[in-house]
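A.B. asks: turn this into a structure:
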Amino acid sequence: MRDMLLLLLPLSLFAQSSFITPMEYSSSLYKNPRGIGCHKCHGEFGEGKIVARYEHNKEQKTFFAPGINSMDFNDFYRALNVRKNGMPRYFLTQTEIKALYFYLQEKKKK
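C.D. replies: Just a heads-up that it's a prediction; the model follows:
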């Protein structure tokens with residue numbers, strides 16, 4: 001099912017003619033969906049990364065954004081629609097969420 005989704009996704013993203021490819025669109029969306037790009041916290045390929053180190057009550061803490069490139073689509077969709085642990089709400093459309101997922105799956109292949 002997942003493979004079928006990935007095969008049909010580029011076609012559904014660009015059913016009408018477009019001047020950019022599905023990968024160009026999804027890449028630009030990943031880097032700036034609504035002001036702060038996903039790559040700033042989750043890494044260039046969705047692998048996750050340390051966002052900040054800080055001290056709280058004299059204890060060293062680390063704020064880590066998890067990897068998102070190995071999530072299944074349903075979990076990915078839910079994560080984008082729930083504010084949790086510092087994750088901002090982007091209010092993305094279905095098409096934008098599918099494009100972001102497509103981008104991460106394509107980057108994971110390389």
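
A.B. asks: C-alpha from now on. contacts and neighbour counts both.
C.D. replies: Will do.

A.B. asks: can I get the CA coordinates of the helix or strand encompassing Leu29 in CSV?
C.D. replies: Using DSSP states H and E, Leu29 sits within helix 22-31. Taking C-alpha atoms only, helix 22-31 is exported to CSV below (Å, rounded to 0.1, in the frame of the first residue of the first chain):
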residue,chain,number,x,y,z
PRO,A,22,7.2,17.2,-7.4
MET,A,23,10.6,17.0,-5.8
GLU,A,24,11.3,20.7,-6.2
TYR,A,25,7.9,21.5,-4.7
SER,A,26,8.3,19.1,-1.8
SER,A,27,11.9,20.3,-1.1
SER,A,28,10.9,23.9,-1.0
LEU,A,29,8.0,23.1,1.3
TYR,A,30,10.2,21.0,3.6
LYS,A,31,12.6,24.0,3.9
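
A.B. asks: and it, what other elements does it pack with?
C.D. replies: Applying 3 or more C-alpha pairs under 8 Å, 6 or more residues apart in numbering; DSSP states H and E, one finds that helix 22-31 contacts helix 39-42, helix 94-109.

A.B. asks: tilt between the last one and helix 22-31?
C.D. replies: What that stands for is helix 94-109. 100 degrees (axes from the mean of the first three to the mean of the last three C-alpha atoms, to 10 degrees).

A.B. asks: could you pull out the buried residues of helix 94-109?
C.D. replies: Glu96, Ile97, Lys98, Ala99, Leu100, Tyr101, Phe102, Tyr103, Leu104, Gln105 (16 or more other C-alpha atoms under 10 Å).
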